[in-house]
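> What follows is a predicted protein model with its sequence.
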Amino acid sequence: MGYRIPEETIEAIRRSIDIVDVISDYVQLKKQGRNYFGLCPFHGEKTPSFSVSPEKQIFHCFGCGAGGNVFSFLMDIEGLSFIEAVQRLAVKANVDLSAFKLDDVDKHRRTDAGETKMMIEAHALLKKFYHHLLVNTKEGQEAFDYLQTRGWTREMIDQFEIGYAPDSRDFAVKLLLGRGFSPSLMEKAGLIIRKENGDYVDRFRHRIMFPIHNHHGDAVGFSGRLLGEGQPKYLNSPETPIFHKGSILYNFHQARLHIRKHQEAVLLEGFADVISAVQAGVAHSVATMGTALTEEHARILRRNVDTVIICYDGDASGIEATFRAAKLLADAGCHVKVATIPDGLDPDEYIKKYGAARFQRDIIDASSSLMTFKMMYFRRGKNLQNENDKIRYIEEVLREISKLPNPIEWDYYLRQLAEEFSLSLSALQEQLNRYKGTVKHSDHIDREAAPKPLLQKKLLPAFQNAERMLLAHMLQNRDVAMVVQEKIAGRFNLEEHRAIAAYIYAFYEEGNEPNVSLLISRLPDDLKPLATELSLLLITDEISDQELNDYIRHVLNYPKWLMLKEKEQEKTEAERKKDFLTAARIAKEIIDMKKMLSSS
């Protein structure tokens with residue numbers, strides 16, 4: 001390899017970093033016993049099966065099998081190489097790596113990483129200059145005055161780094177080229193456009209510029225609002241290698257801590273709504289970027305918080321968008337609430353008309369349950385004095401009630417319907433049961449809704465379970481590993497178990513003390529998930545000699561049991577061919593083998 005970071009330096013970085021803190025930037029973790037659990041960021045799930053051990057500094061998903069230490073987590077979640085993950089964490093741990101030659105990454109990866117870095121640096125440069133033009137120059141005065149008429153303070157303008165792109169054909173082109181940025185790469189980044197004659201021109205001109213940040217806080221795109229007349233009113237950065245609208249939530253990088261503090265996120269439709277909401281004190285606000293909510297958006301929110309309040313525009317299109325977004329969020333496992341804005345206003349307009357306190361009190365704090373919103377939604381376009389419309393409405397609501405997981409909710413909303421329309425509760429319950437397709441409604445739901453055990457014991461053959469338990473003890477106990485090495489050595493029956501055992505033997509032979517995270521960092525990627533799973537098995541701190549010998553016996557006897565099965569098949573085949581002499585000889589061999597196995 002073309003690089004060398006001493007292992008003690010890598011280990012110093014690992015010891016300085018708490019894996020819980022790192023993973024908490026991506027996953028909402030809750031402590032259960034000695035470990036933390038959350039929704040796996042590597043596959044879709046509604047029940048947490050992703051475990052993080054602060055004691056062992058490892059993670060493991062019992063759903064998809066992903067696992068490893070803090071380095072492998074960053075490698076998997078960010079697509080980094082090992083060295084890139086080490087570099088990222090070295091900064092966090094205040095460890096200087098400048099003395100080491102880090103050229104292990106292949107040329108293609110270095111090129112991609114270099115281009116990504118240049119694109120982000122270009123966005124940061126333009127963001128800085130656009131903001132400077134807005135707040136410090138006569139050229140940006142018109143835009144600055146417009147923002148103040150919108151009610152946005154200088155503090156908000158600075159916090160969101162709003163800027164102004166001048167009415168110039170090539171301001172950005174000259175600035176970027178003058179700083180050494182490649183014009184073709186800047187075109188790829190979506191900042192400039194190449195004309196048919198080969199000239200490069202600015203994408204954004206005479207626009208108020210709203211920087212868009214990824215979830216780490218890097219500027220990766222812009223949305224520009226045109227000053228004066230013309231189209232399009234809003235112009236967004238195109239999809240680029242660093243900007244994907246379907247996976248970025250506006251203001252998420254600033255809102256994340258507030259989201260965790262409030263234990264809920266407020267989802268808005270646009271960045272103007274977010275800025276006004278934050279100024280009104282609702283700091284846990286985020287928005288989609290000029291697109292409908294996507295499944296990826298919903299997964300990001302669910303990984304970070306349980307409850308999401310949807311606060312979209314109060315007009316017809318906003319209500320329809322709320323209905324669609326609510327389904328995606330509910331499907332992702334979020335607890336959804338809806339803040340309804342009256343008079344067809346959007347959040348920005350409501351705040352300006354009625355003020356911050358009323359927005360907080362009457363809109364956000366007064367948000368309703370998703371079912372209450374759906375009941376309101378189904379009323380739209382219906383005359384409930386009309387018998388047909390009334391029956392249609394009741395049936396639509398009953399279908400939605402039937403999807404609810406909680407019997408208390410069924411009862412609550414059924415009683416609401418019964419009281420409002422003077423219907424018998426039993427008739428509504430009967431119809432509800434039909435929609436559920438079962439008479440034993442509550443029993444069915446209880447089985448479906450009952451949480452599955454997080455760490456289900458796997459039903460494995462005795463030899464395989466014995467090998468797993470031995471490896472689990474070996475990972476945390478050097479003495480056990482030495483006994484197993486003496487009695488079993490490499491005779492584990494499963495190939496991956498033999499490989500992990502070999503790494504454990506070598507690790508201890510180097511004089512290392514038990515350290516699961518350090519050991520896992522040495523394993524090939526295909527062994528890390530299994531090793532982390534084994535390290536999280538529920539085992540005692542000490543293992544008795546009898547238990548240890550039983551496990552060893554199961555491992556060593558398994559090949560003999562396989563031979564016994566083969567002999568039994570040979571005996572059956574001999575009997576089928578009426579070769580009774582051979583069958584008798586094999587039968588004696590089988591008896592001898594069974595005696596040997598029972599005595600071992």
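Great, that's in hand.
> okay, now the nearest residue to residue 342 once chain neighbours are set aside: neighbour count?
Computed as Cβ to Cβ, 6 or more residues apart in numbering, the closest residue to residue 342 that is not its neighbour in sequence is residue 314, at 5.9 Å. For every residue, glycine as well, the C-beta is placed using N, CA and C. For residue 314, the count of nearby residues is 20 (other Cβ atoms under 10 Å).
> quick check, residue 314 in a strand?
No. Assigned with DSSP: H, G, I helix; E, B strand; the rest coil, residue 314 falls outside any strand and is coil.
> give the contact list for it.
340, 341, 342, 343, 344, 345, 346, 350 (Cβ atoms under 8 Å, 6 or more residues apart in numbering).
> So which of the residues you listed wins on neighbours?
residue 350 (24 neighbours).
> any idea which helix or strand comes after the strand or helix carrying it?
According to DSSP states H and E, residue 350 maps onto helix 347-354. Heading C-terminal from helix 347-354, the first helix or strand you meet, by DSSP H and E, is helix 356-358.
> Quick one: residues in contact with that next one.
Residues contacting helix 356-358 (Cβ under 8 Å, 6+ apart): 279, 280, 281.
> and the gap between the second one and residue 552?
To residue 552, residue 280 is 67 Å away according to Cβ to Cβ, to the nearest Å.
> Residue 514: which of the contacts of residue 314 is nearest?
Residue 514 lies nearest to residue 340 out of the contacts of residue 314, by Cβ to Cβ, at 56.8 Å.
> Next, the contact list for that closest one, please.
So, once contact is read as Cβ under 8 Å, 6+ apart, residue 340 ends up touching 314, 363, 367, 368, 373, 376.
> I'd guess residue 95 is in a strand, am I close?
No. Under three-state DSSP, residue 95 falls outside any strand and is assigned coil.
> And the spatially most distant residue from the centre of the chain, its phi and psi?
The centre of the chain is farthest from one residue, residue 581, which by Cα atoms, centre = their mean lies 65.8 Å away. Per-residue torsions, residue 581: phi -60, psi -50 (degrees, to the nearest 10).
> Kindly report the same for residue 383.
Taking degrees, to the nearest 10 as the convention, residue 383 sits at phi -100, psi 100.
> Give me the distance between the residue farthest from the centre of the chain and residue 574.
In terms of Cβ to Cβ, residue 581 sits 8 Å off from residue 574.
> which non-adjacent residue is nearest residue 333?
Leaving aside its sequence neighbours, residue 333 sits nearest to residue 46 (Cβ to Cβ, 6+ apart; 3.8 Å).
> mind showing which ranges of the stretch 401-550 of the chain have poor pLDDT?
Across the stretch 401-550 of the chain, residues meeting the criterion (pLDDT under 70) sit at 437-459.
> what about the strands in it?
Assigned strands in the stretch 401-550 of the chain: none (criterion: DSSP state E, counting those that start in this stretch).
> By mean pLDDT, point me to the weakest helix or strand of the protein.
Here the helix or strand of the chain ranked lowest by mean pLDDT, DSSP states H and E is helix 441-449, holding a mean of 37.
> Looks like residue 396 contacts residue 377 (just checking).
No. The pair residue 396 / residue 377 is not scored as a contact, 9.1 Å apart, by Cβ atoms under 8 Å.
> circling back to that earlier point, neighbour count for residue 280 and residue 552, which is higher?
Neighbours per residue, other Cβ under 10 Å: of residue 280 and residue 552, the larger number sits with residue 280, 23 against 19.
> gap between that one and residue 47?
Taking Cβ to Cβ, one finds residue 280 at 36 Å from residue 47.
> can you check residue 371 too?
22 Å.
> Pick out whichever of the contacts of residue 314 sits closest to residue 423.
The closest of these, once distances to residue 423 are taken by Cβ to Cβ, is residue 340, at 26.1 Å.
> Would you confirm that the closest one belongs to a helix?
No. Secondary structure assignment (three-state DSSP) places residue 340 in coil, not in a helix.
> Quick one, grab the pLDDT at it.
Looking at residue 340, its pLDDT reads 94.
> ok, residue 196 - how many residues close by?
5.
> Secondary structure of it: a strand, I assume?
No. Counting by three-state DSSP, one finds residue 196 to be coil, located in no strand.
> Dihedrals phi and psi, it?
Dihedral angles for residue 196 - degrees, to the nearest 10 - are phi -60, psi -30.
> Tell me how far it lies from residue 244.
28 Å.
> So the nearest residue to residue 409 once chain neighbours are set aside versus residue 147, what's the distance?
Among residues not flanking residue 409 along the chain, residue 371 sits closest, at 6.9 Å (Cβ to Cβ, 6+ apart). Distance, residue 371 to residue 147, by Cβ to Cβ: 39 Å.
> Go through stretch 173-186 and flag the buried ones.
173, 175, 176, 181, 183, 185, 186 (16 or more other Cβ atoms under 10 Å).
> Excluding covalently adjacent residues, which one is nearest to residue 364?
Residue 364 sits nearest to residue 339 (Cβ to Cβ, 6+ apart), 5.5 Å away.
> ditto for residue 478
Closest residue to residue 478 apart from its sequence neighbours, by Cβ to Cβ, 6+ apart: residue 508 at 5.1 Å.
> and that neighbour, how many neighbours does it have?
Residue 508, neighbours per other Cβ under 10 Å, totals 19.
> so the residue nearest to residue 409, which of the three states?
helix.
> Could you tell me how far the longest helix belonging to the chain lies from the centre of the chain?
Longest helix of the chain, by residue count under DSSP state H: helix 545-576. Distance of helix 545-576 from its chain centroid, counting by Cα atoms, centre = their mean, to the nearest Å, is 45 Å.
> who does it touch, helix- and strand-wise?
Counting contacts by 3 or more Cβ pairs under 8 Å, 6 or more residues apart in numbering; DSSP states H and E, helix 545-576 packs against helix 462-476, helix 478-487, helix 580-599.
> which one of the ones you listed is the most hemmed in?
Each of the helices and strands packed on helix 545-576 was scored by mean neighbour count; the highest is helix 462-476, a mean of 21, by mean count of other Cβ atoms under 10 Å.
> Just read off the phi/psi values of residue 240.
phi -140, psi 170.
> quick one: pLDDT of residue 34?
82.
> hang on, isn't it packed against residue 55?
Yes. Using Cβ under 8 Å, residue 34 makes contact with residue 55 at a distance of 6.2 Å.
> shouldn't residue 466 be in contact with residue 551?
Yes. Residue 466 is within contact range of residue 551, at 4.1 Å (criterion: Cβ under 8 Å).
> if we can go back for a sec, what would the helices and strands packed on helix 545-576 look like in a markdown table with distance to residue 537?
Converted to a markdown table, those look like this (distance: least, Cβ to Cβ, whole Å):
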| stretch | distance to residue 537 |
| --- | --- |
| helix 462-476 | 4 |
| helix 478-487 | 14 |
| helix 580-599 | 27 |
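> Out of these, which gets nearest to residue 259?
helix 462-476 (36.0 Å).
> who's in contact with that closest one?
So helix 462-476 is contacted by 458, 460, 480-481, 484, 488, 492-494, 497, 500-501, 504, 514, 516, 519, 531, 534-535, 537, 539, 541, 543, 548, 550-552, 554-555, 557-558, 561 (Cβ under 8 Å, 6+ apart).
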